[in-house]
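Peer 1: mind folding the following:
(one chain, ligands or ions: 1)
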Amino acid sequence: MPLTTAKKPLAKTVFPHKDFISIADLSCDDISHVLDLAEHYVVQNRRMSQINALLKGLVMINLFLENSTRTRLSFEMAAKRLGAGVINMTAEGSSIKKGESFIDTLKTLNAMRPDLLIIRHSEENSAHKAADILECPVINAGDGTGEHPTQAMLDALTLRRHFRSLKELNVTICGDILHSRVAHSNGILLKKMGANVKWVGPQEFLPPSLDKATTSMEEGLSGADAVMVLRIQKERLQKSPSFTEESYFRDYGLTTEKLALAKEGAVILHPGPMNRGIEIEATLADDPGRSLITMQVEMGVAVRIACLDLLTRHRR
Ligand code: NCD
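Peer 2: Numbers count the residues shown, from 1 in each chain. Below is the predicted model of the structure:
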């Protein structure tokens with residue numbers, strides 16, 4: 001959509017969900033609704049001022065119990081653009097370090113009556129637990145190997161802006177699929193929206209349940225319009241991998257040469273953080289003609305502004 005024609009869509013529509021935990025909970029209409037509103041906020045976020053005071057007087061807790069740069073900062077940026085106050089919390093410096101349980105921590109936060117909770121945690125299902133305890137809307141910012149729904153939304157927005165539609169788009173997801181919440185959320189979203197998804201990686205990173213999965217880069221990349229590259233989730237590996245970083249880069253690292261196996265003009269995405277020279281060649285990552293990685297980061301702010309707006313509408 002050309003930026004100049006972006007309108008504020010569905011300004012009064014109430015989003016039919018208290019929380020945003022999993023892409024699986026959303027209909028195609030819900031997904032389009034978030035993307036259309038985010039499109040409006042892309043334009044707004046480029047202006048040099050607070051967008052509006054929609055969330056003025058509200059307080060958002062950003063509970064990040066795993067490291068993060070893009071996701072944490074973009075949620076904070078999104079909240080501040082809408083005029084909300086933000087409290088950042090990590091395990092470091094909190095009573096979690098004194099042995100307080102996760103559930104007790106959640107009950108404590110709920111008792112303070114925040115207006116929004118963003119949560120990142122190393123355990124799958126942790127965001128569901130938070131949504132059960134917190135009375136305010138909860139957004140899953142990554143739960144272990146489970147889901148990362150706002151990442152899938154920002155990837156979808158990036159792809160939709162580049163290709164205009166997700167329908168019939170051929171997307172190949174490459175690398176550590178088994179441990180990647182980004183892959184899980186993207187797989188659900190892209191299929192719901194009519195894209196064709198293929199998976200490629202070493203056997204040990206391919207969950208047995210996947211269809212259209214291959215260990216052959218040639219097969220996996222052929223016909224791809226877009227290739228989404230994943231970081232090896234070292235922090236989640238149960239055993240040492242069967243390869244070295246050098247052999248992984250040789251066999252699965254995405255390079256300009258390997259990208260030639262995809263469609264002409266195919267683009268690349270990466271959720272970040274990147275390990276250059278392991279899953280992706282540095283020059284390809286930086287190639288403005290092929291890489292949408294910087295655009296993904298920008299779309300992350302717009303998608304999160306849209307999510308904060310939608311999930312707080314019932315209160316305004
Ligand atoms: C991803 C995550 O945390 O799942 N990063 C992100 O949110 N942009 C991917 C990763 O850490 O590899």
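Peer 1: and this protein, which of its residues are near the ligand?
Peer 2: 70-71, 142, 148, 151, 181-182, 231, 271-272 (CB under 6 Å from any ligand atom). Glycine gets a C-beta too; all of them are placed from N, C-alpha and C.
Peer 1: which one of those residues is nearest Ile278?
Peer 2: When these are ranked by distance to Ile278 (CB to CB), Arg231 comes first, at 7.9 Å.
Peer 1: you'd agree that closest one is up against Leu254?
Peer 2: No: between Arg231 and Leu254 there is no contact under CB atoms under 8 Å: 11.8 Å.
Peer 1: identify the contacts common to those two.
Peer 2: Glu279 (CB atoms under 8 Å, 6 or more residues apart in numbering).
Peer 1: and the two? which has more neighbours close in?
Peer 2: Leu254 (26 against 19; other CB atoms under 10 Å).
Peer 1: returning to that earlier point: which PyMOL command selects the buried ones in the residues of the chain next to the ligand?
Peer 2: Here is the PyMOL command that selects only those of these that count as buried (16 or more other CB atoms under 10 Å):
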select buried, resi 70+71+142+148+151+181+182+231+271+272
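Peer 1: and the residues of the chain next to the ligand, which of them are in helices?
Peer 2: Counting by DSSP state H, the residues of the chain next to the ligand place 70-71, 151, 181-182 in helices.
Peer 1: with distance to Leu37 and pLDDT as added columns, please give these in CSV.
Peer 2: Listed next are those as CSV, based on distance: CB to CB, whole Å; pLDDT from 0 to 100:
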residue, distance to Leu37, pLDDT
Arg70, 20, 98
Thr71, 19, 98
Gln151, 17, 99
Arg181, 23, 98
Val182, 22, 98
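Peer 1: among those residues, which one sits closest to Glu298?
Peer 2: For these, the nearest to Glu298 is Arg70 (10.4 Å; CB to CB).
Peer 1: list the contacts of that closest one.
Peer 2: Going by CB under 8 Å, 6+ apart, the list of residues near Arg70 reads 271-273, 297, 300.
Peer 1: do Met228 as well
Peer 2: With CB under 8 Å, 6+ apart, Met228 has these contacts: 155, 171-174, 182-183, 186, 268-271.
Peer 1: how close does it sit to the ligand?
Peer 2: Met228 sits 11 Å away from the ligand when distances are taken as CB to the nearest ligand atom, to the nearest Å.
Peer 1: for that residue, phi and psi?
Peer 2: phi -100, psi 120 (degrees, to the nearest 10).
Peer 1: quick check: it vs Leu117, distance?
Peer 2: 28 Å (CB to CB, to the nearest Å).
Peer 1: and what of Asp225?
Peer 2: Asp225 is 36 Å from Leu117, by CB to CB.
Peer 1: which one of these two has more residues nearby?
Peer 2: Leu117 (26 against 19).
Peer 1: just checking: what are the partner strands of the helix or strand harbouring that one?
Peer 2: Using DSSP states H and E, Leu117 falls within strand 116-121. Applying DSSP bridges to the sheet, strand 116-121 is found paired with strand 59-64 (parallel), strand 138-143 (parallel).
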